[in-house]
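**Student:** A predicted structure for the sequence below; I have some questions about it.
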Amino acid sequence: MRKGVTHVPVQDRFTLTNAIGPTADRTRPAIPLRRVVKTLRSHIEELAAAGKLELSEGDGMIDYSRTHFNRLGSYAEQDAYIARLKAKRHFYLNGWVVPKLVYDAIKR
């Protein structure tokens, strides 16, 4: 084993521990993560109850991939790639991505 690398028992590899390193306290239980699954509708209702709903729209440039762009064969293909990304739309509700149908319904 290399110096500075600690062995993590198999049962602890997939849990969140309190510390990493040779002094990690393995006797304490992992910090529980609270995950709640709820529908988009209930989430939007909670956002609406908390305050004003902020609608925004963005283009697809967030999906830009430099490696994909550089691998395209010609300037025409690169220009077409940029045009496709700019034509693509993402719809947001208080920073959460929502489908266009939901965005339009709230906008009305």
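**Tutor:** Noted; the coordinates are in hand. Numbering: from 1, shown residues only.
**Student:** got the buried residues for the longest helix anywhere in the chain?
**Tutor:** When the chain is scanned for its longest helix (criterion: DSSP state H), the result is helix 75-87. Neighbour-count burial for helix 75-87 flags Leu85 (criterion: 16 or more other CB atoms under 10 Å). C-beta here means a position set from N, CA and C on the backbone, and glycine is covered the same way.
**Student:** in this protein, which spans are strands?
**Tutor:** Under the criterion DSSP state E, strands of the chain are mapped to 55-59, 89-93, 96-98.
**Student:** The ones you listed: which one's closest to Asp104?
**Tutor:** When the strands of the chain are compared by CB to CB, strand 89-93 sits nearest Asp104, at 8.4 Å.
**Student:** Paired strands for that closest one, with orientation please.
**Tutor:** strand 55-59 (antiparallel), strand 96-98 (antiparallel) (DSSP bridges).
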